[in-house]
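**Student:** generate a structure from the sequence data that follows.
(2 chains)
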Amino acid sequence: MTTPAGRPARRDALLLSVRGLKVYFPVRNGSLGSASNSLRAVDDLNFDIAAGETLALVGESGCGKSTTGNAILGLVDRTAGRILLDGREIGGRSREARRPLCRDVQIIFQDPFSALDPRRPVGESVGEALFLQDGLRGAALSRRVGSLLEQVGLPASGAARYPDEFSGGQRQRLVIARALALEPLLIVCDEPTSALDVSIRSQILNLLSDLQERLGLAYLFISHDLLTVRHVADRIAVMYLGHIVEEGPLEQVFEASRHPYTQALLSAIPLPDPKQQRQRRAPPLPGDPPSSIAPPAGCPFVTRCPDAEPQCRRTPPPLTRRADGRKLACFVR
Amino acid sequence: MASISTARAGIPTAEQILEPSPGALLRKRIFGNTGLIIGAAVLLAIVFVAVFADVISPGDPYDQVLSRKLIPPIWHESAKATWEHPLGTDALGRDYLTRLFHGARISLFIGFAAMFISGIIGTALGVLSGYFGGRVDMVVNFILTTRLSLPVVLVALAVVSLVGSSLTVIIWVLGLLIWDRFAVVMRSATQQIRNLEYVAAAQALGCSTPRIVLTEIMPNILNHLIVVATLEMAHAILLEAALSFLGLGVQPPEPSWGLMVSEAKGMMFFDSWLIGIPGAAIFALVLAINLLGDGIRDVTAPENRN
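**Tutor:** Numbering: from 1, shown residues only, chains lettered A, B, ... in the order given. Below you'll find the model as predicted:
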């Protein structure tokens, strides 16, 4: 593995650490547009990603996982907290001040159909960053774009074509090529396979793991699909209503989860055997997640938790490291 | 034998034959669109006439020969009809074909200039409010609401009667009044594009806001812009005709199509060609512009590319 000077070459070195990240969106009501309330999309989030590692962020829709990714990319402003990449603060910067940092963190989007500008040849989209950041142009640029396309399994001659001439899977490869252009250290994958056909998914996932192995990339893999996550992740962090409720190595979380929400999520995975599926004991979770505008006072999960105690309604449980190495935010378990 | 796709000088490869280039596809779509071809042909003809009006006109548009007034056009059964004046003459004996040719110049010029001014104002306001939203959007919406509460013809009448009428005044009045549709359409188109992931990707790559607006937003709202621009050009031409008809637009003896309709209205029931010919010209020009705009939109929409 070759990395440019000044970059952490060693795997497992701490790459990204997020401390107390909060992203609140003002909720406006009335015609005067005064912010009277706020939606707490991400509330006091802490996690680390090591170089070359995949951390999966899972949770149901609206739990704040995509907002977390966008905050790391600087696409939404954080309200509070620190986002440290390789020890440097990357949150809360202006677009101009952020530009050199774009090199290290990139993103792959969910919908490959809206992630590429339909009016530009795909080579231009893929090479945009090289033009902007490295000032490459002409033959040097098209050579580099060609090799990027080949890296993701597309012919270099495709660069002159428009996005509508590619299938969904091919477009996702183009989006990956664009993210790779600046040789980032971390790629935020925001549900990269959920818009793809099942038959294409494994191709894209395998491509992502190949690239990780070859380039030493770290992924923040955002997904609601636990089966996909099981295929790619090293560690899992489970999010609920803007908080991480459980975090641990892949096998530990899948085989011996302790937080009631994680258990409910895992028991929602359909089993291939219908007999087993019928015998499954855990009932589905009752109700919907509470509103992020008016979250419960204590534990965010208290309204749906099967074994909530009076204490859970008063104070939110902190995310603490347990004896077996996992982190858990629960008073009861 | 060489394989089918081996490239040899001058001979296209099988790939090139099977997959036409983007340019060839575009040409095919353009020539497959009848409305676009008809609209472009009529508009080109009118533009040609307007540009070369001095050369191709049989006479002088201001030359009055009272002894030869009200000659009917050649298809008329009257014995007075003559090839010397193919479209006849008006009440002052001026050659109608010549005045029609010179009138095309004024109609096109006013239409284009007013569309250009209003297009710049409306697009700038619309893109700004669509891209930035929030307070910018509120301010633009306020300006837009104010503009929409002003009746165009009444304001134009008031301004023209205050400062007097000239070509420049009419162009500026129309240009400063009809930008509302540009602003509304560009605002909603920008809002739509702005939330797409390729704009977020450009931000993540470190593009500056002006660059995102120019390379990601503008090209993707351009086909909406072309359609609105053609509609507004037609709109401006009709408004100019209406103002001239009311006597507050182009002033005699300038030949404008609206003014020609106005001058002929007294003779509508006796010499109906006087009103019919400029009326038909306005109709043909507005129809051609609209056909062209619709055709361009159909041909350039990415979803119709194949």
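**Student:** ok now the strand or helix carrying A:Cys312, how far from the chain's centre?
**Tutor:** When secondary structure is defined using DSSP states H and E, the element that contains A:Cys312 is helix A:310-314. Computed by C-alpha atoms, centre = their mean, to the nearest Å, the separation of helix A:310-314 from the middle of its chain amounts to 31 Å.
**Student:** now for the longest helix along chain A, which elements pack on it?
**Tutor:** If you go by DSSP state H, chain A has its longest helix at helix A:198-215. Other helices and strands packing on helix A:198-215, by 3 or more C-beta pairs under 8 Å, 6 or more residues apart in numbering or on different chains; DSSP states H and E, are helix A:168-180, strand A:218-223, helix A:226-232. From N, CA and C alone the C-beta is placed, and that goes for glycine too.
**Student:** helix A:168-180 and that one, what's the angle between them?
**Tutor:** Our comparison of helix A:198-215 with helix A:168-180, counting by axes from the mean of the first three to the mean of the last three C-alpha atoms, to 10 degrees, yields an angle of 20 degrees.
**Student:** may I have helix A:198-215 exported as PDB, CA atoms only?
**Tutor:** The C-alpha atoms that make up helix A:198-215 are tabulated as PDB, following Å, rounded to 0.1, in the frame of the first residue of the first chain:
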ATOM      1  CA  VAL A 198     -30.400  -7.400  -5.600                       C
ATOM      2  CA  SER A 199     -28.300  -9.000  -8.300                       C
ATOM      3  CA  ILE A 200     -26.200  -5.800  -8.600                       C
ATOM      4  CA  ARG A 201     -25.800  -5.300  -4.900                       C
ATOM      5  CA  SER A 202     -23.200  -7.900  -4.300                       C
ATOM      6  CA  GLN A 203     -21.100  -6.700  -7.200                       C
ATOM      7  CA  ILE A 204     -21.000  -3.200  -5.700                       C
ATOM      8  CA  LEU A 205     -20.300  -4.500  -2.200                       C
ATOM      9  CA  ASN A 206     -17.400  -6.700  -3.600                       C
ATOM     10  CA  LEU A 207     -16.000  -3.700  -5.500                       C
ATOM     11  CA  LEU A 208     -16.100  -1.700  -2.300                       C
ATOM     12  CA  SER A 209     -14.300  -4.400  -0.300                       C
ATOM     13  CA  ASP A 210     -11.700  -4.900  -3.100                       C
ATOM     14  CA  LEU A 211     -11.000  -1.100  -3.100                       C
ATOM     15  CA  GLN A 212     -10.700  -1.100   0.700                       C
ATOM     16  CA  GLU A 213      -8.200  -3.800   0.600                       C
ATOM     17  CA  ARG A 214      -6.100  -2.300  -2.200                       C
ATOM     18  CA  LEU A 215      -6.300   1.400  -1.200                       C
END
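**Student:** could you list the buried residues of that helix?
**Tutor:** Of the residues in helix A:198-215, those buried by neighbour count under the rule 16 or more other C-beta atoms under 10 Å in any protein chain shown are A:200-201, A:203-205, A:207-208, A:211-212, A:215.
**Student:** of those, closest to chain B?
**Tutor:** Taking C-beta to the nearest C-beta as the measure, chain B sits nearest to A:Ile204 out of these, at 16.0 Å.
**Student:** related to what we said a few turns ago, got the angle for the longest helix of chain A vs strand A:218-223?
**Tutor:** Orientation note: helix A:198-215 sits at an angle of 160 degrees relative to strand A:218-223 (the same axes, to 10 degrees).
**Student:** with mean pLDDT, mean neighbour count and distance to chain B as extra columns, can I get the helices and strands packed on helix A:198-215 in CSV?
**Tutor:** Conversion of those to CSV gives the following (pLDDT from 0 to 100; neighbours: other C-beta atoms under 10 Å in any protein chain shown; distance: least, C-beta to the nearest C-beta, whole Å):
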stretch, mean pLDDT, mean neighbour count, distance to chain B
helix A:168-180, 91, 24, 7
strand A:218-223, 93, 26, 13
helix A:226-232, 87, 18, 19
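**Student:** if we can go back for a sec, can you pull the buried residues of the helix holding A:Cys312?
**Tutor:** Judged by neighbour count (16+ other C-beta under 10 Å), helix A:310-314 contains these buried residues: A:Cys312.
**Student:** please, which helix or strand holds A:Pro112?
**Tutor:** Per DSSP H and E, there is no helix or strand for A:Pro112.
**Student:** number of residues surrounding B:Ala50?
**Tutor:** Look at B:Ala50: counted by other C-beta atoms under 10 Å in any protein chain shown, it has 18 neighbours.
**Student:** can you list the residues of chain A near chain B?
**Tutor:** Within chain A, the positions near chain B by C-beta under 8 Å from any C-beta of the partner chain are A:33, A:70, A:73-75, A:95-96, A:98-100, A:102, A:105-107, A:109-111, A:114-120, A:125, A:128-129, A:132-133, A:160-162, A:164-165, A:175, A:178, A:182.
**Student:** the helices and strands packed on helix A:198-215 into a markdown table, with extra columns for distance to A:Val332?
**Tutor:** Compiled in a markdown table, the helices and strands packed on helix A:198-215 are given as follows (distance: least, C-beta to C-beta, whole Å):
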| stretch | distance to A:Val332 |
| --- | --- |
| helix A:168-180 | 41 |
| strand A:218-223 | 27 |
| helix A:226-232 | 23 |
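**Student:** nearest to B:Leu196, out of these?
**Tutor:** Comparing those against B:Leu196 with C-beta to C-beta, the closest turns out to be helix A:168-180 (12.7 Å).
**Student:** which strands or helices does that closest one pack on?
**Tutor:** Using 3+ C-beta pairs under 8 Å, 6+ apart as the test, helix A:168-180 ends up in contact with strand A:105-108, helix A:122-134, helix A:138-151, helix A:198-215, helix B:197-205.
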